[in-house]
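Novice: Show me the folded form of this:
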Amino acid sequence: MRILFINKYDTVGGAGIAAFRLHEALHNQFNSTNCFLVGIKKSNYDYIIPTRRHGLENFIERGLNFIFNQAGLQYFYHPFSTKNIIKFTKDFLPDIISVHNIHGGYFKTSLLKEISEIAPVVWTLHDMWAFTANAAYTFGDESWKNFKAGKNEKKYFPQIGLQTGDWLLRRKKDIYSKSNLTIVTPSHWLTDMAKQSPIFKDKEIVTIHNGIDLNVFYPRNKKVIRERLGIKNGEKAVVFIAEKMSSSIRKGSKDLVNILKILNKDINNKIHLISVGQSNPGFLGNCKNFILHETGYIYEQEKLAEFLSAGDVFVLPTRDDNLPTTLIEASACGIPSVAYDVGGCKEIVEDGKNGYIIKPFNSNAFAEKIRNIIEDEEQWSNLSGNSKQIAAEKFDVKLMAKNYYSLFETLVQQTD
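Specialist: As a prediction, the model looks like this:
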């Protein structure tokens, strides 16, 4: 089977990592012939093709994207990428086109119709953008259910200037109705919302959980890694991951600070905070009972698994999310997690079994559960064992690939 993947990135970002893992698993398990088209290429793989050249083409298209977004014409005109995507798709002749994040300034929305005439499109949604006016997440605003743009939606990422949200919704519906689309969502939460959207009327929507490589994410030697970090025997460690601490409001960076301030008052012993990602200097403020370990952004999965294994608890006070990959990775490494009950978090963290789910946005309850985990060795041991088991049963990348391949086969047979 020939599969063409399309995403903004190849090996970074939640959607990019999920798509790349799917590509590798499909190739390894089913010997598929895969190729990638990406708006921004981060790797050196020959089979990953950027939709535009670096330099002048990139400069012009990014400038046009900014101007059109300000005018409220989100993802309306990308001259170089559009031409290259159509040409490459026709040349590659895929059996299936696996589309992931198309928002990001490289893919005009109406291209869905054009490429779906070449091969069936399976569109994996990694956020809400496909059925909102312009936003990846609306933070509880459900105006999209009534085919309307939210009052403040134009300010949410990816932002637009003029308020044209109602028109953007009508445009999306018109494009989707004329496209050969099957929708996949990684969480039941997102599936339920997509099915409530008038924009996806008559479209098949299925849930396939994202998976991870359990040969990479597994419990490492905690003692060895902690010694390397300077964490003494008996000391506790909390892990938090955000690509950019300074701009990760959605992932809960501000909430994390509030939670740590509460913990700082309630504990007497020092706690280590392993912060993975681009940090914000001084974000801990006066939390003197915390020792900060800043790792920077980590590209190597094996290294990420080591830092996760070094922790006693993984925290993710995300304010809106789909199926956070970091929660799955932490679970596979045997680390209990604490997260707010938003999005698909409770599909990974089963309350009281492999961690705790907290009512949004109760910082005191969040801090209390962290303290309970790190102070109760027996509780930690039970949560840790369940974490590994749940990851193995629900989130193995091999299971993910099997479910996708079965869907792809069905769609290919329908077109023969």
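
Novice: Other residues contacting stretch 68-83?
Specialist: 39, 51-53, 57, 60-61, 64-65, 102-103, 105-109, 111, 134, 154, 158-165, 167-168 (C-beta atoms under 8 Å, 6 or more residues apart in numbering). Any C-beta I mention is one placed from the backbone N, CA and C, and that applies to glycine too.

Novice: Buried residues of it, list them for me.
Specialist: For stretch 68-83, a neighbour-count test (16 or more other C-beta atoms under 10 Å) marks 68-69, 72-76, 78, 80-82 as buried.

Novice: Same check on stretch 194-208?
Specialist: Quick answer for stretch 194-208 (16+ other C-beta under 10 Å): 194, 197, 199-200, 203, 205, 207-208.

Novice: between those residues, which is nearest residue 16?
Specialist: Ranked by distance to residue 16 (C-beta to C-beta), the buried residues of stretch 194-208 are led by residue 208 at 17.1 Å.

Novice: distance of the closest one from residue 25?
Specialist: Residue 208 sits 12 Å away from residue 25, going by C-beta to C-beta, to the nearest Å.

Novice: shared neighbours, the two?
Specialist: Here residue 208 and residue 25 have residue 400 as joint contacts, going by C-beta under 8 Å, 6+ apart.

Novice: How about the contacts made by residue 33?
Specialist: 1-3, 27.

Novice: 6 Å instead, please
Specialist: Listed by C-beta atoms under 6 Å, 6 or more residues apart in numbering, the contact partners of residue 33 are residue 2.

Novice: cool, and the one 4 residues further on?
Specialist: By C-beta under 6 Å, 6+ apart, the contact set of residue 37 is 6, 49, 51, 85.

Novice: Residue 236 now?
Specialist: Residues near residue 236 by C-beta under 6 Å, 6+ apart: 271, 312, 374.

Novice: Run a quick neighbour tally on residue 51.
Specialist: 24 (other C-beta atoms under 10 Å).

Novice: Setting aside sequence-adjacent positions, which residue approaches it most closely?
Specialist: residue 81 (3.8 Å; C-beta to C-beta, 6 or more residues apart in numbering).

Novice: re earlier: list just the nearest of the contacts of residue 236 to residue 291.
Specialist: When those are compared for distance to residue 291 (C-beta to C-beta), residue 271 wins out at 7.3 Å.

Novice: quick revisit: which of the contacts of stretch 68-83 fall within strands?
Specialist: Of the contacts of stretch 68-83, the ones assigned to strands by DSSP state E are residue 39.

Novice: Rebuild the buried residues of stretch 68-83 as CSV, extending it with pLDDT.
Specialist: Formatted as CSV, the buried residues of stretch 68-83 follow (pLDDT from 0 to 100):
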residue, pLDDT
68, 98
69, 97
72, 97
73, 98
74, 98
75, 98
76, 96
78, 97
80, 98
81, 98
82, 98
